[in-house]
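1. Below is the structure, and that's it, no one-letter string:
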DNA sequence: TCGCGCATTGCATGCGAAGTCAATATTGCC
DNA sequence: GGCAATATTGACTTCGCATGCAATGCGCGA
C-alpha cells in the first residue's frame, strides 16, 4: 500500500545522532562528541551512546559533518588517460597513501584533454580539501584553485610559475644517464622516439636526451614520435629502419614503446638486441622486467613519489600558509640486457 | 594582524547561494533553482543570477546539496590489490562510465584483505549512492549494505545467495574453450597454474578447466598455484618441469603467469613455445599481445563489462525496487601463437 | 473589464552533525 | 566540610542548499 514500497526489512531512514541520543537518553551534542577524537565524554556516557549507536546501526554522516566543519576529508586525484602502464600503479599507491591518513580519494580520469574543465568544476563543487594532479593543467586552472584556496600538488609536471607544489622524477637526469652509458659503450648513431606532443614528461625526457647527446658532441639525431603505446613503438622503429637510416641505439620515451621497438627490431628486421641494436626506455613498468626484454631503463621510484605527494598535500591542507615546495626524485638506473652497456 | 593570515588575495570564504542572491537582488531559492535541472525560472532571472554567480565565482556546494537531497551522487568503487594488470584498466573505464552519467567515484583499494571492514565503514559514512565491488565480500558485509539499502554490484564475482547484482566474465566457458582447443590439437598432458587461494575468479577458472578436461577423459592433471604474478608463473613452471613431469600444455589462471611460464620454458628449459610446450592464459591484458608472447588467451570484454556494471548500478540507484540481475559475458577467444592450436 | 489558471518568485523550514556557551556535576585541596 | 577549579553535559545555532507552500504577476477568454 505504501507508495514508497519497501521490499526488504530495514529502516527506511538511516539513524541520525538524534535517534541515538534519544535511545541513549542523552543530548545530540553528546552523541556527536562521542564520535569525535578530542571531545570530552565520561566513560558512562560513552558506553551508553556506543551501545545505542550499535543497536541502531548508526554511522556519523560524513556529508553533514563536512558541511559544518568545512572539511570534506576528500582529495581529488586526477589522472590523464595515458596509453601507459605507469599511471595505474601510481593511482593505487596514492589511494593507499591517502587512505592511511584517513582521507578519501575522489577519482577523476580525463578521457579527453578538454574534459579538464568539467573535472575542475566537479572538484570545486565537491569541496575537496586538496588536489593531486597527474595531468595537464593550464595557468588559468591553477589560478582557479589558488583563488579558492585549494592546495594543489602536481605529479610529474612542474609549472613555470612555481606557484604550486610538485613531486616529480628527474626525467632529464635519467635520460642523461642512459645517453651517457650508451655513448660510453660506443654507440654513436642515436634515434629518439618521443611520446605524445602534449606530454610534458615526454618533452623533458626528449630534451634531456638531446642535451646530453649535444654535450657529447652528437648532434645528428633522428627523432620520431609515438604515443607511448607498444604499437607506436613498433611503428616508429619500422619507420626508422625502413628509411634505411643507420642506427645503433634507440631511446624510447617510455618502456612500452621501447618494448615495441625490441619486438619490431627482432621480428621485422631480424636484428639482435642488444648486439646489433640497443634499446632503452623509461618508467620501470612491470613488463620491462620480462625476460624477453630485460629492459635497460630508469625506474621512477613511485613508492617514494606517491608517499611524498600525499605527505605534501596533507601538509598544505593542514597548513595553508605553507609555501609551495618541489620534490625531485632521481630515477633508479636499471641496467638490463636490452642495451649493450658494460657494467 | 589577522589570526587567520591570508597570504594571497581571494575571498576567505567561498561564495554561497545567499551571496549570489544578494548581488543579483533575488532570493536564495531563485539561485538554487537556476542551478537545478527541472526548476522553473524566467530568462531574465536566470541571466541575472548567472551573471552574479560568475562574478563571485560561485559553485553550488555538492556537500550541502547531498545533505538535503539525500543523494551524494557518488559511488564507491572498491578494488582488491591484485598482482594483476587487469584491474587498473577496469578502474579507469569504470570511472569514465560513471563520469558520463554525472556520478563521481570514490575509490577504495584494499591493501590487505582485512581492510574490507574499514572500507565498508567509510562507504557508509560517506553515504555513497551505490557500490561497485571488485573484491571479496562476505555475507555479513553484503547484509550491511542490503539493510542500509545501498545498491551493490559485484564485478567478476557472484554470490551464492544471488541477493545482489553482478557482472562477470564467464570464466568457466573461457577455460572450456581453451582446454577443448588444446585437446583437439592433440595435447594430452596438462598442467594448470592457479591463482591465489582466495581468488574466486581463479577458482572458477581452475574448476572450469578441470571440468572440461574431465569431460574429455583427462583426469590426471598437475595443478600448481601461483599468485597471479609474472614471477610466480616462472616459478611454477620451474617447479613443474624440475620435477621431471612431462607436460605439453600449461593453462595459467591469468596472462601474467602465462607470460612467466613462457619465459621460463624458453629461458630455463630451452623449450620452444608452442612447438614443445603450449601455454595459454586468461584476461587479455596488453602484454599478452606483445610479439614475444602472442598469447592464446580469453579476453575479458572490459568495455562491455564496465558499461554494464555502471548501467546496472545506476538503474538500481534510481529504482531501488529493481531486482538483482546477473549479467555474464563470454570472453573473446584470442588465438595466438603461444599454443599449438590449428585455426 | 473581470476573473481564472498557470508560471514565477520568496519565505520558511529542514537535512545531520559540530561547536559555542552556560549550567551542572565532579574533583581536589585546605 | 566548604570552596575553587575542572570536567561533563545540554540547549541552541550554524553550515549551504532544496523544496513545500503561499503570494505575486501574467495572459487570455468571456
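-> Perfect, I can see it now. Being a predicted model, the structure only gives us computed values, none of them experimental.
2. which stretches of the stretch 151-300 of chain A have low pLDDT?
-> For the stretch 151-300 of chain A, applying pLDDT under 70 flags the ranges A:159-162.
3. And the residue of it closest to DNA strand D?
-> Closest residue of the stretch 151-300 of chain A to DNA strand D, CB to the nearest atom of the strand: residue A:151 (18.3 Å). (Each C-beta comes from the backbone N, C-alpha and C, glycine too.)
4. That residue: what's it in contact with?
-> A:129-131, A:145, A:165, A:313, A:316-317, A:320 (CB atoms under 8 Å, 6 or more residues apart in numbering or on different chains).
5. For the stretch 101-250 of chain A, which segments count as strands?
-> A:104-110, A:130-134, A:152-155, A:165-169, A:190-194, A:222-225, A:249-252 (DSSP state E, counting those that start in this stretch).
6. Comparing these, which stretch has the densest surroundings?
-> When you average the neighbours per residue for each of the strands of the stretch 101-250 of chain A (mean count of other CB atoms under 10 Å in any protein chain shown), strand A:249-252 leads with a mean of 31.
7. who does it pair up with?
-> Strand A:249-252 has the following sheet partners, assigned by DSSP bridges: strand A:190-194 (parallel), strand A:278-280 (parallel).
8. ok, and what's touching it?
-> Under CB under 8 Å, 6+ apart, the answer for strand A:249-252 is A:175, A:178-179, A:182, A:187, A:189-193, A:209, A:226, A:233, A:236-237, A:240, A:258, A:260-261, A:265, A:277-282, A:339.
9. from the chain's centre, how far out does it sit?
-> 25 Å (CA atoms, centre = their mean, to the nearest Å).
10. In whatever helix or strand comes next after that strand, which residues are buried?
-> Tracing the chain past strand A:249-252, the next element assigned as helix or strand by DSSP states H and E is helix A:255-267. The neighbour-count check on helix A:255-267 (16 or more other CB atoms under 10 Å in any protein chain shown) flags A:255-266 as buried.
11. Spit out the contact partners of residue A:63.
-> Counting by CB under 8 Å, 6+ apart, residue A:63 touches B:63, B:66-67, B:72, B:126-127.
12. Okay, it and DNA strand D: tell me how far apart.
-> For residue A:63, the distance to DNA strand D equals 9 Å [CB to the nearest atom of the strand, to the nearest Å].
13. close enough to count as contact, residue A:57 and residue A:15?
-> Yes: if you go by CB atoms under 8 Å, residue A:57 and residue A:15 touch, sitting 6.1 Å apart.
14. more neighbours, these two?
-> residue A:15 (17 against 14; other CB atoms under 10 Å in any protein chain shown).
15. Spatially, and excluding backbone neighbours, which residue is closest to the residue in the stretch 151-300 of chain A positioned nearest to DNA strand C.
-> Per CB to the nearest atom of the strand, residue A:151 is where the stretch 151-300 of chain A lies closest to DNA strand C, at 19.5 Å. Using CB to CB, 6 or more residues apart in numbering or on different chains and skipping the chain neighbours, the partner closest in space to residue A:151 is residue A:316 (3.7 Å).
16. what does residue A:245 give?
-> residue A:222 (5.8 Å).
17. I'd like to know how far the residue nearest to residue A:335 when sequence neighbours are not counted sits from residue A:341.
-> Counting by CB to CB, 6+ apart, the nearest residue to residue A:335 once its immediate chain neighbours are dropped is residue A:296, at 5.6 Å. From residue A:296 across to residue A:341, the span is 6 Å (CB to CB, to the nearest Å).
18. what is in contact with those two at once?
-> Shared contacts of residue A:296 and residue A:341 (CB under 8 Å, 6+ apart): A:181, A:278, A:335.
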